[in-house]
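K.L.:
just coords:
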RNA sequence: GGGUCGUUAACUCAGUCGGUAGAGUAUCUGCCUUUUAAGCAGAGAGUCGCGCGUUCAAGUCGCGCACGACCCA
């Protein structure tokens, strides 16, 4: 009946033995007075072996990560959320009774220690324990101490284990939190207000992507998880809030990769009376500052490639980039039919209605994008591929838009906003005509958004920054799954029959 | 969606030509009161991802499936 392996069995037996000694295995009464980090500077002046019984008693709590047991003494390393310290447990000091219980302690247990600071012969600051408290008995073994947990699937599926044993993972997620906190601070300090707009939208807009669909029962209506907050944030500009931002999740019902998770975190911000030029300045300042704050430098390395984030950053129009980086001759760019021919020549499949703007953008993605290692703003995107951006006043074929590329990846997308409701309606209609056959992307005209524009939206510029990709860059993480605590994975089927598609016997089936 | 590789003890990994399943860590027992990948001696631990096939015999060969990684679309 008990299919558990030997180690799990032994752990349970040990726990039972401890309980038989009268130990509460899950005590809730221990309050650590000290963070381990706070003890570290206090030991600087201590000399090895000069132990003094009258020293101050500290209380700490944490998880046992390693243990070296002798007959009547032992060393363990204990980690809390702040730091790690060695604890020395000596039978003479803690007494026979506590020591007998201590013998049943395991790596992985969460424990409380009261004791005094001293330095060992080797000079390591340690706590000599006076009293020992079991706070939570662990019933499962942790991964091996030397190699740690390297199986990426287990790291993602059991992130809690990863966080226990992989200091780099803890560091990455601390940095992620810090990046988001600093970004909020930066925008708040510049008068932006953080708002929350709907996650569930009747018309998914603001981007081109397949949405997740859900259903509201009471209203009997379909809703979509948002693919972008853009159209709601701009409604707030109409409402009179001049600087707004939102940092939250977007959802896109598309493939998974090292750069795509179905739910991901996006920063979007909008500023009235600003242009995309203002946002380039802001972006450059924000991201270089974030790197300085989080990494202590603007010169970072991403997967072995050096990247210099110090401003000023390179700014190129798409045409300039196609020529100088992509190696396309300038004459081709001025002739629409030659651009289309070149795109087809390069193996790009274009839809029938695709124009030169689409072809240029595809050529850019193919020939230029991955070669933009240091931060580069690409401007003057074709109007054809920018349904929400303002047309350039001198040349209606292009928009006042930029995308930011670092290490060959798109990090940000921004533009001076289109606030002409008639132009907006025409572009929506055109977009729907082009995508009308693709039901999955749900091309529906957002009438209310056009109505909002008809009331008048101030001139404005807005930007979206993919937070996950930014965190990847600043933490040198190869996969988006390394910067999302619980990334999307297919369900485990270990030891089970794969889910049956039809299960009429299941009361929970729809 | 296509291709390549992977899946063996709790973890990290070996496993030759198809012939009774191996190591280190972890665990258990004994010794050990300043170790830090502690040490010494001994022991236990496996649905070899799942299924089917070939074979006297499959971790190993073949086919299918699941999950994952990487590359491509």
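P.N.:
Great, that's in hand. Note that this is a predicted model, so its numbers are computed, not measured.
K.L.:
in the stretch 351-500 of chain A, what residue lies closest to RNA strand B?
P.N.:
Nearest to RNA strand B, among the residues of the stretch 351-500 of chain A, is residue A:490, at 3.5 Å (C-beta to the nearest atom of the strand). Glycine gets a C-beta too; all of them are placed from N, C-alpha and C.
K.L.:
what residues are up against the closest residue to residue A:262 other than its chain neighbours?
P.N.:
Counting by C-beta to C-beta, 6 or more residues apart in numbering, residue A:488 is the residue found nearest to residue A:262 once chain neighbours are left out, at 5.2 Å. Residue A:488 makes contact with A:256, A:261-263 under the criterion C-beta atoms under 8 Å, 6 or more residues apart in numbering.
K.L.:
number of residues surrounding the residue of the stretch 301-450 of chain A found nearest RNA strand B?
P.N.:
Closest to RNA strand B within the stretch 301-450 of chain A is residue A:349: 6.9 Å, counting by C-beta to the nearest atom of the strand. Neighbours of residue A:349 under the rule other C-beta atoms under 10 Å: 8.
K.L.:
so who does it touch?
P.N.:
By C-beta under 8 Å, 6+ apart, residue A:349 has no neighbours at all.
K.L.:
and stretch A:229-248, end to end?
P.N.:
9 Å (C-alpha to C-alpha, to the nearest Å).
K.L.:
coming back round to it: wait, is the residue nearest to residue A:262 part of a helix?
P.N.:
No. Judged by DSSP: H, G, I helix; E, B strand; the rest coil, residue A:488 forms no part of a helix; its state is coil.
K.L.:
where's residue A:254 relative to residue A:482, distance?
P.N.:
As judged by C-beta to C-beta, to the nearest Å, residue A:254 and residue A:482 stand 20 Å apart.
K.L.:
higher neighbour count, those two?
P.N.:
Neighbour totals were compared for residue A:254 and residue A:482, and residue A:482 leads with 23 against 13 (other C-beta under 10 Å).
K.L.:
skip the chain neighbours and tell me the closest residue to the more buried one.
P.N.:
That would be residue A:172: by C-beta to C-beta, 6+ apart, it lies 6.3 Å from residue A:482.
K.L.:
following the lowest-mean-pLDDT helix or strand in chain A, which helix or strand comes up?
P.N.:
Confidence across the helices and strands of chain A bottoms out at helix A:421-435, with a mean of 87, counting by mean pLDDT, DSSP states H and E. Per DSSP states H and E, helix A:421-435 leads on to helix A:447-455 as the next helix or strand towards the C-terminus.
K.L.:
mind giving me the packing neighbours of the following helix or strand past that following helix?
P.N.:
On the C-terminal side of helix A:447-455, the closest following helix or strand by DSSP H and E is strand A:460-466. Packed against strand A:460-466 by the contact rule (3 or more C-beta pairs under 8 Å, 6 or more residues apart in numbering; DSSP states H and E) you find helix A:230-239, strand A:263-272, helix A:276-295, strand A:409-416.
K.L.:
buried residues of the very next helix or strand once past the longest one, list them for me.
P.N.:
What that stands for is helix A:276-295. Scanning forward in sequence from helix A:276-295 by DSSP H and E, the next helix or strand is strand A:299-302. By neighbour count on 16 or more other C-beta atoms under 10 Å, the buried set for strand A:299-302 is A:300, A:302.
K.L.:
now do stretch A:349-368
P.N.:
With the criterion 16+ other C-beta under 10 Å, stretch A:349-368 contains buried residues A:354-364, A:367-368.
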